[in-house]
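K.L.:
fold the following.
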Amino acid sequence: MNNQFTFSIKRIDFDENYHPSDNTRITTNFANLARGNRRQENLRNAQQMINNRFNALAFWDNQKGDRYSAELEIISVDIDVEGNGRTFPTIEILKANIVDHTTNQRIEGIVGNNFSSYVRDYDFSVILSQHNKGKDSFSIPDDFGDLHGKLFKHFVNSDVYKENFSKPPVICLSVSENKTYHRTENQHPVLGYEYQPNGSSLTEKYFEKMGLKVRYFMPANSVAPLAFYFSGDLLNDYTNLELISTISTMETFQKIYRPEIYNANAVAGKLYQPNLRHQDHSLTQIEYDREERSQLAVEQGRFVEEHFIKPYQPILAQWSANCAL
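P.N.:
Residues are numbered from 1 along each chain as shown. Take a look at the predicted model:
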């Protein structure tokens with residue numbers, strides 16, 4: 001029995017000609033933009049928003065505000081469980097690369113950014129639902145996220161990851177509606193003011209099993225803090241340009257997907273509670289179907305159950321029990 005699951009990576013450019021692959025989760029943020037009659041316009045506008053934000057943050061030696069542009073790659077990760085060449089799509093993340101038009105250099109950015117995972121769909125849309133069915137109060141299974149966390153750490157520690165990426169991933173998410181965030185006096189020149197939540201969230205605990213901790217920062221001229229999930233030292237392991245590549249990419253996506261929070265017309269104060277019912281916000285010129293996305297997550301969770309969890313249940317259980325990560 002193979003207990004050394006192997007991973008393979010595919011790279012797809014995320015630009016105005018991007019078409020989602022058959023294995024891409026249709027709820028994935030960047031895939032959602034590439035659908036419908038306005039798909040090319042959506043993609044072009046999103047790219048322009050990213051580049052504008054990048055240059056606004058990287059303002060030094062950049063008088064015209066056009067020195068940099070970001071090039072995004074979609075990294076699709078497949079897993080071979082049995083070693084027979086048959087794979088299942090597990091993870092999709094984004095890799096940012098930076099083009100300096102003054103020096104004509106291409107600079108490596110951060111890998112991670114947006115995080116998409118079929119097994120996470122299964123955990124949140126199937127496992128949690130089944131566990132709490134008929135119960136008066138919400139609870140979480142003791143082993144919730146164990147398999148997903150071990151699979152993610154196994155990938156990050158794999159030779160395939162190390163051959164393709166020079167630094168650990170940073171994943172950037174929205175803040176939680178269920179938490180209140182307090183602004184501290186700690187200020188980073190790029191990440192901005194640090195915020196601290198009033199407690200831990202389910203997402204934090206889930207990502208902790210993936211080997212990631214979290215810090216919350218609100219960059220200059222942003223209106224709400226972002227959640228940065230990382231494994232090392234966020235402030236010292238990455239350059240300013242690397243951090244800007246993540247901020248500009250993920251803040252753009254959040255303005256599109258969560259305009260009530262990230263495109264609000266008022267800036268988060270010292271005490272901040274996000275609210276997706278907040279009416280005082282602006283919309284981008286980019287189409288996005290948020291309601292469809294939430295419905296499809298359940299369908300995708302059941303797809304994972306049928307095509308990955310059930311067929312490989314004995315192998316996955318044994319591997320997870322013996323996994324030392």
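K.L.:
residues contacting Met218?
P.N.:
The neighbourhood of Met218, defined by CB atoms under 8 Å, 6 or more residues apart in numbering, consists of Arg183, Gly192, Tyr193, Tyr195, Ala224, Pro225, Leu226, Ala268. All C-beta atoms are positioned from the backbone trio N, CA, C, and that covers glycine.
K.L.:
again, but for Tyr181
P.N.:
Shown in contact with Tyr181 (CB under 8 Å, 6+ apart): Val175, Tyr195, Gln196, Pro197, Asn198, Tyr216, Pro225, Ala268, Leu271, Tyr272, Gln273, Pro274.
K.L.:
re the thing from before, and the contacts of Met218, which is closest to Val77?
P.N.:
When the contacts of Met218 are compared for distance to Val77 (CB to CB), Leu226 comes out closest, at 23.4 Å.
K.L.:
bridged to that closest one, which residues?
P.N.:
Beta-bridge pairing of Leu226 under DSSP bridges involves Phe217.
K.L.:
contacting residues around it?
P.N.:
Contact partners of Leu226, counting by CB under 8 Å, 6+ apart, are Cys172, Leu173, Ser174, Val175, Tyr216, Phe217, Met218, Pro219, Ile247, Met250, Glu251, Gln254.
K.L.:
for Asn221, same thing?
P.N.:
Contacts of Asn221 (CB under 8 Å, 6+ apart): Ala56.
K.L.:
quick one on the thing from earlier: buried members of the contacts of Tyr181 into PyMOL, please.
P.N.:
Those of the contacts of Tyr181 that count as buried under 16 or more other CB atoms under 10 Å are selected in PyMOL with:
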select buried, resi 175+195+197+216+225+268+272+274
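K.L.:
right, and the pair among the contacts of Met218 with maximum separation?
P.N.:
Between any two of the contacts of Met218, the greatest separation by CB to CB is 13.5 Å, found for Arg183 and Leu226.
K.L.:
where does the prediction get shaky in the chain?
P.N.:
For the chain, applying pLDDT under 70 flags the ranges 1-3, 17-38, 285-295, 324-325.
K.L.:
helices along that one, start to end?
P.N.:
All helices of the chain, identified by DSSP state H, fall at 29-33, 39-57, 118-122, 128-132, 146-156, 159-164, 202-208, 240-257, 259-262, 290-304, 313-322.
K.L.:
count the residues that sit near the closest residue to Ile247 other than its chain neighbours.
P.N.:
Here the nearest residue to Ile247 in space, its sequence neighbours aside, is Pro219; by CB to CB, 6 or more residues apart in numbering that works out to 5.2 Å. By other CB atoms under 10 Å, 21 other residues sit near Pro219.
K.L.:
then Thr239?
P.N.:
A count of neighbours around Thr239, defined by other CB under 10 Å, yields 16.
K.L.:
same check on Leu283?
P.N.:
12.
K.L.:
which residues does the spatially closest residue to it that is not a sequence neighbour contact?
P.N.:
Spatial nearest neighbour of Leu283, chain neighbours left out: Pro259 (5.5 Å); criterion: CB to CB, 6+ apart. Neighbouring residues of Pro259 by CB under 8 Å, 6+ apart: His281, Ser282, Leu283, Thr284.
K.L.:
how near is Pro259 to Ile110?
P.N.:
24 Å (CB to CB, to the nearest Å).
K.L.:
same question for Ser116.
P.N.:
Taking CB to CB as the measure, Ser116 falls 16 Å from Ile110.
K.L.:
middle-most residue in this structure, spatially?
P.N.:
Residue closest to the mean C-alpha point of the chain, counted by CA atoms, centre = their mean, is Asn114 at 2.4 Å.
K.L.:
kindly state the beta-bridge partners for the residue nearest to that residue when sequence neighbours are not counted.
P.N.:
The spatially closest residue to Asn114, leaving aside those adjacent along the chain, is Leu94, at 4.8 Å (CB to CB, 6+ apart). Beta bridges link Leu94 to Ile74, Gly112 when assigned by DSSP bridges.
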